[in-house]
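Enquirer: From the sequence below, what's the structure:
(one chain, ligands or ions: 1)
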Amino acid sequence: MYPMIIQGGMGVGISNWVLANAVAREGYLGVVSGTVVDHVMVRRLADGDEGGHVRRAMESFPFPEVVSQVLERYFKPGGRADGEPYPNLPMFRQKMKKARLQVTALANFVEVTLAKEGHDGVVGVNLLTKVQMPNLASLYGAMLAEVDYVLMGAGIPREIPGVLDRFSRNEKASIRFDVAESEDYASEDLEFDPAEQFDGPLPALKRPKFLAIIASNSLATMLARKSTGKVDGFIIEAPTAGGHNAPPRGERRLNEEGEPLYGERDEVDLDKIARLGLPFWLAGGAGRKGRLQMALDAGATGIQVGTLFAYCDEAGTSESLKRRVIRQSLLGQVKIKTDGRASPTGFPFKVVELPQSISEPETYEQRTRVCDLGYLRTAYRTDKGGINYRCPAEPVETYVKKGGLEEDTVGRKCLCNALMSNLDRGQVRNGGASEKPLLTSGDDLEILGQFLNGRTSYTAADVLDYLLS
Ligand SMILES: Cc1cc2nc3c(=O)[nH]c(=O)nc-3n(C[C@H](O)[C@H](O)[C@H](O)COP(=O)(O)O)c2cc1C
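Expert: Next up, the predicted model:
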């Protein structure tokens, strides 16, 4: 039995354990975001771990010495002093110290454990294929918490099903590591060996179901046939969805506002998808009344919804941002832009145009570029044959020194830092100012006002009722 409604993974920290728990409790699939969740956990600890939730979940982590080290290093009873910056974890590279990978595994474990607490429902974890370096540690950590589903898009997750198979037997797994300007060299891998990373006996693990998030028939067919293990289903995501979107196929065309234009070639043929014989869910604009029935009529198992959940009481979005977006929605004044430049990944990214967020050109210009979280850095081969890392949102001069093109830096936004600010856990910079936020949502945000119907707050259960009505 598959769930009819999936609450989509929303990074960073928007689909947190509180939201996923609320959805799973109602009998649907609650999905936590595993992206950057290690920094989210460290910042919760630095803020005093209100309610003791992180520490409670840590008690069931099978490797207590890892927990002690993390708490000793990052937990601040009572929280940080005023204006004190958050501690940062080292930025990911191809090979990381054990302690760094352990924090990532532990953070995914904590998020999934809390999402599963107190009910028998199902919980998934969402990761982005393109954010390669933390993924193996994240998957293993989520599996230690008996995650039921893994959902991954933003790239081609062909190798992930095989990784899940291997991890379920506690075997070492590896995936190909993308290194630019590297044709003359042997291919590189990312590896994670559970027995090497953790001391002591490894617990028996189950293999979660794997759902690939895709936007084309060709990718679905390829993944169904050529993945390294079983793909259990597909989420078909339309370009109206929040977060990153697949780029349009064929020649790149923009509308007057500079947004990428999608056409007929971007439409997915659902009959063809159905013929693959695997369950599928429709995402992107599926959060409207009647859409669930339409999806079922088209042969889908159900829908995946993000935007409507992103501003409910349980979501990780900061209270002040929720209030601002809800107020503007009630006034019919929210605007979404598909920004082809904002994300360092190069994928189109849906941005909520909000004053004092870095969607605003003036606010963006005021930010001094700094790269200190580094999840969107990609690897490239240096002249000497080594591997180094760069991100087009880092300081322009540094990026160009690393062989990057200056034109690639234009309009790129530091999503790592901005998305942490969406949670009210933005880094404090010199002078005490916090990094500014950047919200993402799907085109459906425009119907939030209608859904609210005069309310100024709502719960995940309200969203589910609406979707089922
Ligand atoms: C705030 C927000 C963050 C998102 N982040 C992610 C993400 O980290 N990974 C992912 O696969 N999808 C992400 N998405 C997409 C959702 O999982 C979901 O597929 C999408 O929101 C469905 O379309 P809708 O926005 O029209 O409801 C995000 C969506 C939103 C609104």
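Enquirer: surely Arg341 meets Thr409?
Expert: No - using C-beta atoms under 8 Å, Arg341 is not in contact with Thr409; the gap is 9.7 Å. (Each C-beta comes from the backbone N, C-alpha and C, glycine too.)
Enquirer: Please identify which of the two sits among more neighbours.
Expert: Neighbour comparison, Arg341 and Thr409: the larger count goes to Thr409, with 21 against 16 (by other C-beta atoms under 10 Å).
Enquirer: Could I get the contacting residues of that one?
Expert: Contacts for Thr409 (C-beta atoms under 8 Å, 6 or more residues apart in numbering) come out as Pro392, Ala393, Val396, Tyr399, Val400.
Enquirer: neighbours around the nearest residue to Ala379 once chain neighbours are set aside, how many?
Expert: Excluding the flanking residues, the one nearest Ala379 by C-beta to C-beta, 6 or more residues apart in numbering is Val179, at 4.5 Å. Around Val179 there are 18 other residues, counting by other C-beta under 10 Å.
Enquirer: Which residue ranges of the stretch 101-250 of the chain form helices?
Expert: Under the criterion DSSP state H, counting those that start in this stretch, the stretch 101-250 of the chain carries helices at the ranges 135-144, 160-168, 194-197, 217-226.
Enquirer: Following element in sequence after the helix or strand where Gly30 lies, please.
Expert: Using DSSP states H and E, Gly30 sits within strand 29-33. Counting by DSSP H and E, the next helix or strand C-terminal to strand 29-33 is helix 37-46.
Enquirer: now the next helix or strand along the chain from that next one: mean pLDDT?
Expert: For helix 37-46, the following helix or strand on the C-terminal side (DSSP H and E) is helix 53-58. Mean per-residue pLDDT for helix 53-58: 98.
Enquirer: now for helix 53-58, which elements pack on it?
Expert: With contacts taken as 3 or more C-beta pairs under 8 Å, 6 or more residues apart in numbering; DSSP states H and E, helix 53-58 sits against helix 37-46, helix 64-74, helix 98-116.
Enquirer: quick one on the thing from earlier: for Gly442, find the nearest of the helices of the stretch 101-250 of the chain.
Expert: Gly442 lies closest to helix 217-226 among those, at 20.1 Å (C-beta to C-beta).
Enquirer: Could you pull up the mean pLDDT of that closest one?
Expert: Mean predicted lDDT for helix 217-226 stands at 97.
Enquirer: Using PDB, write down the CA coordinates of it.
Expert: Taking Å, rounded to 0.1, in the frame of the first residue of the first chain, the C-alpha atoms of helix 217-226 are listed here in PDB:
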ATOM      1  CA  ASN A 217       9.800  10.300 -19.900                       C
ATOM      2  CA  SER A 218      13.300   9.600 -21.000                       C
ATOM      3  CA  LEU A 219      14.700   9.900 -17.500                       C
ATOM      4  CA  ALA A 220      12.000   7.800 -16.000                       C
ATOM      5  CA  THR A 221      12.600   5.000 -18.600                       C
ATOM      6  CA  MET A 222      16.400   5.200 -18.100                       C
ATOM      7  CA  LEU A 223      16.100   5.000 -14.400                       C
ATOM      8  CA  ALA A 224      13.600   2.100 -14.500                       C
ATOM      9  CA  ARG A 225      15.900   0.100 -16.700                       C
ATOM     10  CA  LYS A 226      19.400   1.100 -15.800                       C
END
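Enquirer: That helix - contacts with which helices or strands?
Expert: By 3+ C-beta pairs under 8 Å, 6+ apart, helix 217-226 packs against strand 209-214, strand 233-237, helix 270-275.
Enquirer: sorry, back to before: Ala418 is nearest to which of the helices and strands packed on helix 53-58?
Expert: Closest among those, using C-beta to C-beta: helix 37-46, at 13.0 Å.
Enquirer: And the contacts of the closest one?
Expert: The contact list for helix 37-46 (C-beta under 8 Å, 6+ apart) reads 12-13, 16, 50, 54, 70-71, 74-76, 79-80, 86-89, 103-104, 106-108, 110-111, 134, 138, 373, 420, 423, 425.
Enquirer: Mark which of these are buried, thanks.
Expert: By neighbour count, with 16 or more other C-beta atoms under 10 Å, those hold 12-13, 16, 54, 70, 74-75, 86, 89, 103-104, 106-108, 110-111, 134, 138, 373, 420, 423, 425 as buried.
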